[in-house]
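Peer 1: For reference, the sequence and a predicted model appear below.
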Amino acid sequence: MGRRRNAPVNVLFGWVRRQSMKVKTFLAVTTVLSSLVALKFLVRDHDHFFIASEAIHAAGIMVLIYKLTTQKTCSGLSLKTQELTAIFLAVRLLCSFVMEADIHTVLDFATLVSTVWVIYMIRFKLKSTYIKELDNMPIYYMVIPCAILALFIYPYTAHSRIYRTFWAFCVYLESISVLPQLRLMQNAKMVEPFTAHYVFALGISRFLGCAHWIIQVYETAGRSLLLVGSGYFWLPMVLLSEVVQTFILADFCYYYIKNAMYGQLLVRLPSPV
């Protein structure tokens with residue numbers, strides 16, 4: 001059964017839904033800023049944001065594995081988003097072994113293995129349930145621009161240029177890798193629960209990554225964006241990539257939370273205008 005319609009949280013969502021776009025935008029910005037302030041004071045080591053972000057992404061993949069294992073269907077999942085995820089994780093893992101080799105490397109490895117398993121299930125074991133017609137965004141539309149951008153804007157570190165270029169490519173590709181999944185969901189107009197949980201996990205993951213950079217820029221009064229030796233355009237591009245991905249997922253997260261508050265299992269998306 002769903003939650004009571006007159007529950008306080010449902011009344012709140014109903015009130016928000018009736019407001020103008022300007023009021024909704026103001027409320028959204030206020031909520032985001034409040035969350036950033038809370039994170040700033042609650043989390044002392046901001047590197048924990050990235051660890052939490054990667055852990056939540058891995059948890060989201062586990063949700064997909066549970067779905068594929070128990071329901072024996074990949075309906076609603078974008079193979080192209082999973083392939084893009086595998087690409088940037090594989091390249092980032094290569095770079096991580098050379099440039100970091102820490103907890104991030106372990107988390108990326110676990111997530112990559114899980115993602116490859118999901119791809120295998122969609123391509124072979126559950127191929128008959130994959131809706132290819134709805135997953136219609138070409139991968140090269142995202143891979144090629146990211147590769148070209150990485151050739152020109154990358155971090156300046158002591159590592160080989162090829163690894164620095166690869167790292168930049170990972171950052172750019174990750175920021176838009178969810179687009180095929182969002183396109184598929186828009187085409188379907190409805191998202192089943194496990195896929196919705198996975199995309200929501202991506203939204204939370206990217207918000208934490210974005211929070212790290214925003215808080216760092218605030219604490220350094222913007223100086224961190226112009227660090228000599230890191231590339232004058234690199235850190236602004238990293239921040240922009242995080243903001244873009246967070247913005248891309250924000251709309252879905254709103255509908256996910258709204259449906260969850262009403263106790264609805266399926267997330268219904270509005271038709272594009």
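Peer 2: Okay, I see it.

Peer 1: Mind pulling the model confidence for the most centrally placed residue in the chain?
Peer 2: The residue lying closest to the centre of the chain (Cα atoms, centre = their mean) is L202, at 3.7 Å. Note on L202: pLDDT of 88.

Peer 1: Report all helices and strands that the helix or strand hosting it contacts.
Peer 2: Secondary structure assignment for L202, by DSSP states H and E: helix 193-219. With contacts defined as 3 or more Cβ pairs under 8 Å, 6 or more residues apart in numbering; DSSP states H and E, helix 193-219 has these neighbours: helix 21-42, helix 47-71, helix 179-188, helix 234-261. Yep, even glycine has a C-beta here, placed from its N, CA and C like the rest.

Peer 1: rerun that using 7 Å as the cut-off
Peer 2: Judged by 3 or more Cβ pairs under 7 Å, 6 or more residues apart in numbering; DSSP states H and E, helix 193-219 is in contact with helix 21-42, helix 47-71, helix 234-261.

Peer 1: re the thing from before, I'd say the residue nearest to the centre of the chain and L249 touch.
Peer 2: Yes. Assessed by Cβ atoms under 7 Å, L202 is found in contact with L249 at 6.0 Å.

Peer 1: How many residues are close by W213?
Peer 2: 21 (other Cβ atoms under 10 Å).

Peer 1: Return the residues in contact with it.
Peer 2: Listed by Cβ atoms under 7 Å, 6 or more residues apart in numbering, the contact set of W213 reads 238-239, 242.

Peer 1: Nearest to Q71 among these?
Peer 2: Of all the contacts of W213, E242 has the smallest distance to Q71: 32.6 Å, by Cβ to Cβ.

Peer 1: Just give the nearest non-adjacent residue to that closest one, would you?
Peer 2: Among residues not flanking E242 along the chain, C210 sits closest, at 3.9 Å (Cβ to Cβ, 6 or more residues apart in numbering).

Peer 1: Around that neighbour, how many other residues sit close by?
Peer 2: Residues lying near C210 (other Cβ under 10 Å) number 24.

Peer 1: Test my guess that A86 contacts V116.
Peer 2: Yes. Judged on Cβ under 7 Å, A86 makes contact with V116 at a distance of 5.8 Å.

Peer 1: between the two, who's got more neighbours?
Peer 2: Legend: neighbour count by other Cβ under 10 Å for A86 and V116, higher for A86 (19 against 16).

Peer 1: Please identify the helix or strand for the more buried one.
Peer 2: Assessed by DSSP H and E, A86 sits inside helix 79-99.

Peer 1: which regions of this structure sit below the pLDDT cut-off?
Peer 2: 1-19, 21-29, 32-33, 36, 39-40, 45-47, 100-101, 220-232, 258, 260-273 (pLDDT under 70).

Peer 1: returning to what we had before: to the chain's geometric centre, what's the distance from the helix holding L202?
Peer 2: Distance of helix 193-219 from the chain centroid (Cα atoms, centre = their mean, to the nearest Å) equals 6 Å.

Peer 1: buried stuff in it?
Peer 2: By 16 or more other Cβ atoms under 10 Å, the buried positions in helix 193-219 come out as 193-217.

Peer 1: That one relative to helix 79-99, how many degrees between them?
Peer 2: 40 degrees (axes from the mean of the first three to the mean of the last three Cα atoms, to 10 degrees).

Peer 1: got the angle for helix 193-219 vs helix 47-71?
Peer 2: Using the same axes, to 10 degrees: helix 193-219 against helix 47-71 is 170 degrees.

Peer 1: The residue nearest to E242 touches V244, doesn't it?
Peer 2: No. C210 is beyond contact range of V244, at 9.3 Å (criterion: Cβ under 7 Å).

Peer 1: returning to what we had before: which residues sit in contact with the residue nearest to E242?
Peer 2: Per Cβ under 7 Å, 6+ apart, neighbours of C210: 242-243, 246.

Peer 1: Tell me how far P180 lies from L64.
Peer 2: As judged by Cβ to Cβ, to the nearest Å, P180 and L64 stand 15 Å apart.

Peer 1: For the one helix or strand Y120 maps to, buried residues please.
Peer 2: Y120 is located in helix 103-120, with elements delineated by DSSP H and E. By 16+ other Cβ under 10 Å, the buried positions in helix 103-120 come out as 104-105, 107-112, 114-118.

Peer 1: can you redo the contacts of W213 as JSON lines with neighbour count?
Peer 2: What follows is these, written out as JSON lines (neighbours: other Cβ atoms under 10 Å):
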{"residue": "V238", "neighbour count": "24"}
{"residue": "L239", "neighbour count": "18"}
{"residue": "E242", "neighbour count": "23"}
